[in-house]
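J.: curious how this folds, go ahead:
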Amino acid sequence: MFGAAAAIAIPLVLAQFPAPQGLSVNGWHAVLVLLGAAIAWLAEPLPDFAVAIAMAVAWGASGLAPLTTIFSGFASSSWLLALGALALAAAMVRSGLLFRAALWLLRAFPATHGGQMLALVFGGIVLTPLVPLSVARVAAIAPLTHELARAFGYAPRSKGSASLAFAGLVGYWYFSSVFLTGLATNFFVVGLLSPDDQRRFGWFGWLTAAAPVGLFCLVGALVVLFVVLRAEASARVEAETIRRQTRILGPIRHSERVAIAGLAVLVVGVLAQSVVAIDSAWLALAALVIVTAGVIDRERFRSSLDWGFLVFLGVLLGSGAVLQANGVDKWVASLLLNVTAAVRSPGLLVVAFAALVMVSRFLLPSRPAMVLLSLALVPAAPALGIAPWVAGFVVLVAANVWVLPYQGLEYLIARDATNGEAFDDRQGTRVGAALTIVRLAAIALAVPIWQAMGLVGR
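T.: All right, here's what the predicted structure looks like:
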């Protein structure tokens, strides 16, 4: 109750003060409503989607924007793409296709400890753009990594067991924002871009610009896995372990074939997008229609999709238009220009923003951190010599980290899926801190490449 009271009282008290210089009264009130939402997301008196709806109600009841503007996000391409992609992800999980694909990828690599670690990392990278729900990917792979650890004969929470578990976590989570369709929140950043930038940073454009960070993160993550978590002794796993899991699944079922058909529509459509010139949102919705033919019925459509996230995303996609209508974007840009006036290097600002986002994660959950900081930085980025996409991408990857266990949702899912037997929180803190450092270093190393691509000023 204290969090809810603070979320209401603090904005009401601040509303009695004059608006800051350069910001209209309506703009000041719009910012205060957003501040109240930020406090509520931090204190969590309500689910994040309920806080987002309350924010929309406050904007509408205060006359700060019309209903069509506040809820414009639900009619955006980004929201429709998220809806279709999440339905496809649910179909892949429910049909068993995601688990079967993970087993196929494990069988493609040597049955040694190192071979299976590489299979988990690279298999996860392959599946990441196909399932835009990192928690579902991690939940599917975590029990399998525990089964592998037992097949290798590793003791619970040993380095061997932990290295396999974290290899699965890294592969199936760490590269979520390298691919446009790897994380549903990526679509929020797309929604903040101009129409020209949205066309430029489609699936391939996003991957091309994100590849430098992805490659540096891959190298750094492999060093962490093979050096920091080096197993006590080399071991081999019997191929029977993976074959047994495959036998449990049985032959490919009708539901999996339907999921494959939906996936094919989305993947082939995205690959041919430059030729057919169809918005990817329509492809995702076509995939949704297909998977309802044999995987997602009415009841599963209600229960399998993360409707809370979709409501949260829809409101937040419209929030940019609300802030823009009240001149908040220009005020934030002016404020950032004044604050960063002494820093003449846009590249240095990119690294500083990444560090700021990582620090914010000690207070804010990942999704609110991504949303709030993207709202602040993406519109202001051009005035700072930074492409809006770079600002949004940096927020996404820098916010998607953990150092302490409570910061990482995917980390907690991997830990709890194995009943805490795969690794302990001390190991998790070491690995999380190492991966966070790798992430920051990757962003810094990518700056010269982004400068060569014209995305960051010199």
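J.: roughly how far does Phe312 sit from Ala398?
T.: From Phe312 across to Ala398, the span is 20 Å (C-beta to C-beta, to the nearest Å). For the C-beta atoms, the positions are set from N, CA and C on the backbone; glycine is no exception.
J.: what kind of secondary structure is the closest residue to Ser334 other than its chain neighbours in?
T.: Once flanking residues are discounted, Ser334 sits nearest to Gly22: 5.7 Å by C-beta to C-beta, 6 or more residues apart in numbering. What DSSP: H, G, I helix; E, B strand; the rest coil gives for Gly22 is coil.
J.: and Gly27, what does it touch?
T.: Contact partners of Gly27, counting by C-beta atoms under 8 Å, 6 or more residues apart in numbering, are Ala19, Leu323, Asn326, Gly327, Val328, Trp331.
J.: give me the element it is part of.
T.: Take DSSP states H and E as the rule and Gly27 turns out to sit in helix 25-43.
J.: immediately after that helix, which helix or strand?
T.: According to DSSP H and E, the helix or strand after helix 25-43 is helix 48-61.
J.: give me the low-pLDDT residue ranges for the stretch 201-350 of the chain?
T.: Along the stretch 201-350 of the chain, segments meeting pLDDT under 70 span 231-243, 245-246, 273-276.
J.: all helices for it, in order.
T.: 203-223, 239-249, 254-271, 273-276, 280-291, 298-304, 307-325, 328-339, 346-360 (DSSP state H, counting those that start in this stretch).
J.: before we move on, back to that, which of the contacts of Gly27 lies closest to Phe216?
T.: Distances from Phe216 to the contacts of Gly27, taken as C-beta to C-beta, are shortest for Leu323 (32.9 Å).
J.: ok, of the contacts of Gly27, which one's closest to Ala140?
T.: The closest of the contacts of Gly27, once distances to Ala140 are taken by C-beta to C-beta, is Leu323, at 37.3 Å.
J.: and that closest one, how far is that from Trp104?
T.: For Leu323 relative to Trp104 (C-beta to C-beta), the value is 46 Å.
J.: so those two - more neighbours on which side?
T.: The residue with more neighbours, out of Leu323 and Trp104, is Leu323; 24 against 14, by other C-beta atoms under 10 Å.
J.: I'd assumed Ser374 was in contact with that one.
T.: No: with contact defined as C-beta atoms under 8 Å, Leu323 does not count as touching Ser374 (11.5 Å).
J.: what is the neighbour count of the residue nearest to Ser334?
T.: Around Gly22 there are 13 other residues, counting by other C-beta under 10 Å.
J.: what do you get for Arg157?
T.: 18.
J.: now it: closest residue in space, sequence neighbours ignored.
T.: In space, and not counting its chain neighbours, Arg157 is closest to Asp424: 4.9 Å by C-beta to C-beta, 6+ apart.
J.: just Glu421 next, same as before
T.: Pro156 (4.1 Å).
J.: count of neighbours near that neighbour?
T.: Counted with other C-beta under 10 Å, the neighbours of Pro156 add up to 16.
J.: so how far is Leu409 from it?
T.: Using C-beta to C-beta, Pro156 is found at 23 Å from Leu409.
J.: also Leu67?
T.: With the distance defined as C-beta to C-beta, Leu67 ends up 32 Å from Leu409.
J.: please apply the same query to Pro132.
T.: The gap separating Pro132 from Leu409 is 15 Å, by C-beta to C-beta.
J.: these two: which has the busier surroundings?
T.: Comparing Pro132 with Leu409 by other C-beta under 10 Å, the one with more neighbours is Pro132, at 26 against 17.
J.: phi, psi of Ile386?
T.: Backbone geometry at Ile386, expressed as degrees, to the nearest 10, gives phi -120, psi 130.
J.: and it, how many neighbours does it have?
T.: 24.
J.: how distant is the longest helix along the chain from the center of its chain?
T.: Longest helix of the chain, by residue count under DSSP state H: helix 425-452. Computed by C-alpha atoms, centre = their mean, to the nearest Å, the chain-centroid distance of helix 425-452 equals 16 Å.
J.: excluding chain neighbours, what is closest to Leu35?
T.: Per C-beta to C-beta, 6+ apart, closest to Leu35 is Pro11, 5.6 Å.
J.: now do the one you found, the pLDDT please.
T.: Predicted confidence (pLDDT) for Pro11: 92.
J.: contacts only, for the spatially most central residue of the chain.
T.: Here the mean C-alpha position of the chain is nearest to the C-alpha of Leu183 (C-alpha atoms, centre = their mean), at a distance of 4.1 Å. For Leu183, the contact set (C-beta under 8 Å, 6+ apart) comprises Pro132, Ser134, Ser176, Ser177, Leu396, Asn400.
J.: backbone phi and psi for the fourth one, please?
T.: Think Ser177. Dihedral pair for Ser177: phi -100, psi 0, per degrees, to the nearest 10.
J.: my read: it touches Val394, true?
T.: No: Ser177 lies out of contact with Val394 (C-beta under 8 Å); the separation is 9.6 Å.
J.: more neighbours: which of the two?
T.: Shown here are Ser177 and Val394; by other C-beta under 10 Å, Val394 has more neighbours (30 against 27).
J.: which stretches in the stretch 1-150 of the chain count as strands?
T.: Counting by DSSP state E, counting those that start in this stretch, no segments of the stretch 1-150 of the chain form strands.
J.: all helices for it, in order.
T.: In the stretch 1-150 of the chain, the helices defined using DSSP H, counting those that start in this stretch lie at 2-14, 25-43, 48-61, 67-70, 77-95, 97-107, 113-127, 134-152.
J.: and the ones you listed: which comes nearest Gly294?
T.: Nearest of these to Gly294, taken as C-beta to C-beta: helix 77-95 at 8.4 Å.
J.: the closest one packs against which elements?
T.: On a contact count with 3 or more C-beta pairs under 8 Å, 6 or more residues apart in numbering; DSSP states H and E, helix 77-95 meets helix 97-107, helix 134-152, helix 186-192, helix 254-271, helix 280-291, helix 298-304, helix 307-325.
J.: relative to helix 307-325, how tilted is that helix?
T.: 170 degrees (axes from the mean of the first three to the mean of the last three C-alpha atoms, to 10 degrees).
J.: ok, now which ones touch Thr429?
T.: Thr429 makes contact with Val403, Leu404, Pro405, according to C-beta under 8 Å, 6+ apart.
J.: so the first one sits in a helix?
T.: Yep, that's Val403 we're talking about. No: assigned with three-state DSSP, Val403 falls outside any helix and is coil.
J.: how about it, what does it touch?
T.: By C-beta under 8 Å, 6+ apart, the contact set of Val403 is Phe362, Thr429, Gly432, Ala433, Thr436.
J.: just give the number of residues close to the closest residue to the last one other than its chain neighbours.
T.: Spelled out, that is Thr436. Distances taken as C-beta to C-beta, 6+ apart put Val401 closest to Thr436, at 4.4 Å, once the chain neighbours are dropped. By other C-beta under 10 Å, the residues close to Val401 number 22.
J.: what sits against Val401?
T.: With contacts defined as C-beta under 8 Å, 6+ apart, Val401 is in contact with Met358, Arg361, Gln407, Gly408, Gly432, Leu435, Thr436, Arg439.
J.: phi first, then psi, for it.
T.: The phi/psi pair for Val401 (degrees, to the nearest 10) reads phi -140, psi 170.
J.: perfect, I'm done here.
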